[in-house]
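Chemist: this is a predicted model, with the sequence first.
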Amino acid sequence: MKRSRKVRILATLGPASSDEATIRKLFEAGADVFRINMSHADHDLMRSLVGRIRAVERAVERPIGILADLQGPKLRVGTFKDKSAALKPGQTFTLDDRDEPGDATRVHLPHPEILKSVKPGERLLIDDGKLQLEAVKSNGKAIECVVVAGTKISDRKGVALPDTELPVGALTDKDRRDLDAVLQTGVDWIGLSFIQRPEDLAEVRKVARNRAALMSKIEKPQAVARLSEIIELSDGLMVARGDLGVEMPLEAVPGLQKQITRAARRAGKPVVVATQMLESMITAPAPTRAEVSDVATAVFEGADAIMLSAESAAGQYPVEAVTTMNAIAEQVERDPTYAGIVYAQRTEPEATGADAISLAARQIAETLNLSAIICYTASGTTGLRAARERPQVPIITLSPVVETARRLSLVWGTHCVVTPDAADLDDMVDRACRIAFAEGFARPGDRVIITAGVPLRTPGATNLLRIAYIGSDGLSGI
């Protein structure tokens with residue numbers, strides 16, 4: 001099965017979509033990668049979901065990627081005597097280390113790292129910003145605040161700290177247990193929540209040991225401030241607009257989405273745009289016009305993937321949500337302005353032979369109106385370079401490594417095929433032509449361009465371009 005669009009679709013699994021039959025329907029509707037949210041999945045459920053996805057993968061004979069999204073540090077206030085308390089703007093309210101039920105004057109904050117880090121003048125946002133506090137005094141054991149906006153606080157509401165960098169890593173004890181479990185199942189991507197600094201990736205990288213690619217979720221101002229460093233150490237990025245919109249002004253999020261997307265594209269790292277893309281389809285069979293425009297904006301921007309969260313995980317119309325997202329993406333990519341917008345955002349290649357080959361492949365393919373660019377890749381790097389060029393023609397990535405093909409299923413424009421290594425150059429060309437023909441990308445008489453590394457099976461040695469004709473039997477012609 002080949003897609004008629006280049007942007008990928010990432011669908012979250014949950015109560016509405018956890019059985020194998022529904023997962024297959026989601027794939028057939030357009031989902032390329034599936035997300036397992038470890039905030040809501042225990043290890044047994046996670047293993048079951050991975051098994052069902054792999055069963056669908058075998059049935060459809062297409063590599064399918066899996067993203068396991070770690071919860072990250074969830075910061076919450078304690079409980080109240082009456083489960084909630086009414087507040088007034090301008091009043092004083094204290095968060096402290098006393099493990100006692102709260103009232104209208106104070107509440108327990110079971111996070112000593114926050115009590116020690118928040119400084120006067122810094123903001124604390126409770127319950128997704130519905131209650132806004134500003135620190136007035138802090139002594140390491142209590143933070144005295146003034147209520148800036150909001151009138152209510154209740155049990156275990158989340159705390160966001162847009163102005164404070166916490167001296168703790170992005171991994172909690174739960175995340176470490178979850179990370180060990182998901183790596184054992186062979187997931188392809190690990191989503192890292194609440195990244196603040198590039199050092200937050202070091203511990204995960206050490207544990208993962210390249211068994212899975214790392215996707216940094218950009219959802220904190222501290223991560224935005226050090227974006228270039230985080231990109232360098234990440235394998236991919238996610239614009240996590242939910243928490244980003246809590247910790248930063250809502251009006252700043254669209255511009256940040258563009259900045260993050262373009263920075264990732266310049267670096268040749270896949271980027272996912274996530275959160276509330278078709279939110280109304282949780283309960284409605286059709287999206288709003290604004291949501292359609294939101295999805296279209298991400299596609300026009302050249303994002304590698306667009307993501308569904310609750311829409312596919314817990315909504316009433318999970319398959320319809322994927323179908324709708326697929327239809328929007330296909331329509332955008334057919335729009336006469338699409339190619340020009342994507343072309344205008346291209347960046348100069350790095351001064352390497354492999355980047356020069358990828359640039360030349362795109363230019364030749366578009367100049368000669370070739371049917372496809374075919375990349376041999378073991379690690380996936382060649383496929384990423386080809387995708388960074390955002391060519392108008394399809395990209396077929398051929399790899400002997402199934403894990404590579406699964407990871408590349410998240411990457412813009414790539415059609416991944418698992419195939420044994422070529423024996424020699426002639427076999428390489430014949431195999432590429434035969435697969436392009438069999439997968440429906442080329443017909444007899446068409447031409448394709450092939451990139452590879454010589455000597456064969458040499459990682460990172462992309463140095464060959466070859467134009468080949470598709471013969472009547474699907475093999476290379478003269």
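Modeler: Cool, got the structure.

Chemist: mind checking the backbone torsions on Ala11?
Modeler: The phi and psi torsions at Ala11 (degrees, to the nearest 10) take the values phi -110, psi 130.

Chemist: who's in contact with Asn369?
Modeler: By CB atoms under 8 Å, 6 or more residues apart in numbering, Asn369 lies in contact with nothing. C-beta here means a position set from N, CA and C on the backbone, and glycine is covered the same way.

Chemist: also the one 5 residues further on?
Modeler: Residues touching Ile374, when contacts are defined by CB under 8 Å, 6+ apart, comprise 395-398, 432, 435-436, 448-451.

Chemist: can you list those in TSV and add neighbour count, pLDDT and secondary structure?
Modeler: Listed next are the contacts of Ile374 as TSV, based on neighbours: other CB atoms under 10 Å; pLDDT from 0 to 100; DSSP: H, G, I helix; E, B strand; the rest coil:
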residue	neighbour count	pLDDT	secondary structure
Ile395	29	97	strand
Ile396	27	97	strand
Thr397	27	97	strand
Leu398	28	96	strand
Ala432	30	94	helix
Ile435	20	95	helix
Ala436	29	95	helix
Val448	27	97	strand
Ile449	24	97	strand
Ile450	25	96	strand
Thr451	25	93	strand
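
Chemist: ok, so of the residues you listed, who is nearest Trp189?
Modeler: Thr397 (16.4 Å; CB to CB).

Chemist: how near is the closest residue to the closest one other than its chain neighbours to Leu192?
Modeler: Setting aside the residues directly before and after it, Thr397 is nearest to Gly383 in space (CB to CB, 6 or more residues apart in numbering), at 4.0 Å. To Leu192, Gly383 is 22 Å away according to CB to CB, to the nearest Å.

Chemist: and these two? Which one has more around it.
Modeler: A count of neighbours by other CB atoms under 10 Å puts Gly383 above the other of Gly383 and Leu192, at 29 against 23.

Chemist: the more buried one contacts Leu410, correct?
Modeler: No - in this structure Gly383 lies outside contact range of Leu410 using CB atoms under 8 Å: 10.8 Å.

Chemist: find residues that contact each of those two.
Modeler: Contacts common to Gly383 and Leu410, judged by CB under 8 Å, 6+ apart, are absent.

Chemist: contacting residues for Pro89?
Modeler: Shown in contact with Pro89 (CB under 8 Å, 6+ apart): 147-151.

Chemist: how about those, which pair is most distant?
Modeler: Val148 and Thr151 (11.5 Å).

Chemist: so how far is Arg407 from Ile64?
Modeler: 11 Å.

Chemist: pretty sure His111 contacts Leu75?
Modeler: Yes - applying CB under 8 Å, one finds His111 in contact with Leu75, separated by 5.5 Å.

Chemist: low pLDDT regions in this protein?
Modeler: Where the chain drops to pLDDT under 70, the residues are 456-460, 474-478.

Chemist: what strand or helix carries Leu45?
Modeler: Leu45 belongs to helix 43-60 when assigned by DSSP states H and E.

Chemist: and Ile467, its phi and psi?
Modeler: phi -90, psi 130.

Chemist: that one: neighbour count?
Modeler: 14.

Chemist: can you map out the strands along the stretch 1-150 of the chain?
Modeler: Assigned by DSSP state E, counting those that start in this stretch, the stretch 1-150 of the chain shows strands spanning 8-12, 33-37, 65-69, 84-86, 92-96, 106-108, 123-126, 131-138, 142-149.

Chemist: in CSV, list these along with mean neighbour count and distance to Val253.
Modeler: As requested, these are exported to CSV (neighbours: other CB atoms under 10 Å; distance: least, CB to CB, whole Å):
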stretch, mean neighbour count, distance to Val253
strand 8-12, 26, 19
strand 33-37, 25, 21
strand 65-69, 26, 20
strand 84-86, 15, 29
strand 92-96, 20, 27
strand 106-108, 20, 29
strand 123-126, 22, 15
strand 131-138, 18, 17
strand 142-149, 18, 19
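
Chemist: want to throw those strands into CSV with distance to Ala264?
Modeler: Output for those, formatted as CSV (distance: least, CB to CB, whole Å):
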stretch, distance to Ala264
strand 8-12, 14
strand 33-37, 16
strand 65-69, 16
strand 84-86, 41
strand 92-96, 36
strand 106-108, 39
strand 123-126, 27
strand 131-138, 31
strand 142-149, 34
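
Chemist: quick one, which of these is nearest to Pro455?
Modeler: Counting by CB to CB, Pro455 lies closest to strand 65-69 out of the strands of the stretch 1-150 of the chain; the figure is 29.5 Å.

Chemist: nearest to Lys25, out of the strands of the stretch 1-150 of the chain?
Modeler: Short answer: strand 8-12, nearest of those by CB to CB, at 10.6 Å.

Chemist: can you list the strands that the closest one pairs with?
Modeler: The pairing partners recorded for strand 8-12 under DSSP bridges are strand 33-37 (parallel), strand 305-308 (parallel).

Chemist: gap between the nearest residue to Ala267 once chain neighbours are set aside and Thr404?
Modeler: Using CB to CB, 6+ apart and skipping the chain neighbours, the partner closest in space to Ala267 is Ile231 (5.0 Å). Separation of Ile231 from Thr404 (CB to CB): 21 Å.

Chemist: what does Glu199 give?
Modeler: Taking CB to CB, one finds Glu199 at 28 Å from Thr404.

Chemist: quick one: which of those two has more around it?
Modeler: Shown here are Glu199 and Thr404; by other CB under 10 Å, Thr404 has more neighbours (23 against 14).

Chemist: could you find the closest non-adjacent residue to Ser48?
Modeler: Ser18 (7.7 Å).

Chemist: swap in Phe300?
Modeler: Ile341 (5.3 Å).

Chemist: how many other residues sit next to the one you found?
Modeler: If you count neighbours by other CB under 10 Å, Ile341 ends up with 14.

Chemist: look at it and tell me its secondary structure.
Modeler: Reduced to three states with DSSP: H, G, I helix; E, B strand; the rest coil, the structure at Ile341 is helix.

Chemist: hang on, the earlier thing: any common contacting residues for His111 and Leu75?
Modeler: Counting by CB under 8 Å, 6+ apart, the residues touching both His111 and Leu75 are Val159.

Chemist: Ser234 reaches Ala223, doesn't it?
Modeler: No - contact criterion CB under 8 Å: Ser234 and Ala223 do not qualify, at 10.4 Å.

Chemist: mutual contacts of these two, please.
Modeler: Ser216.

Chemist: any figure for the gap between Arg5 and Arg54?
Modeler: Taking CB to CB, one finds Arg5 at 24 Å from Arg54.

Chemist: picking up where we left off before, out of the contacts of Ile374, which one sits closest to Ser216?
Modeler: For the contacts of Ile374, the nearest to Ser216 is Thr397 (23.2 Å; CB to CB).

Chemist: gap between that closest one and Cys416?
Modeler: Noted for Thr397: a distance of 5 Å to Cys416, by CB to CB.

Chemist: do Leu410 as well
Modeler: In terms of CB to CB, Leu410 sits 10 Å off from Cys416.

Chemist: do Thr404 as well
Modeler: For Thr404, the distance to Cys416 - CB to CB - is 8 Å.

Chemist: helices along the stretch 201-350 of the chain, start to end?
Modeler: Applying DSSP state H, counting those that start in this stretch to the stretch 201-350 of the chain gives helices spanning 221-225, 227-233, 241-247, 253-267, 289-300, 310-313, 318-334, 338-344.

Chemist: touching, Arg241 and Gln257? I think so.
Modeler: Yes - taking contacts as CB under 8 Å, Arg241 lies within contact range of Gln257: 6.8 Å.
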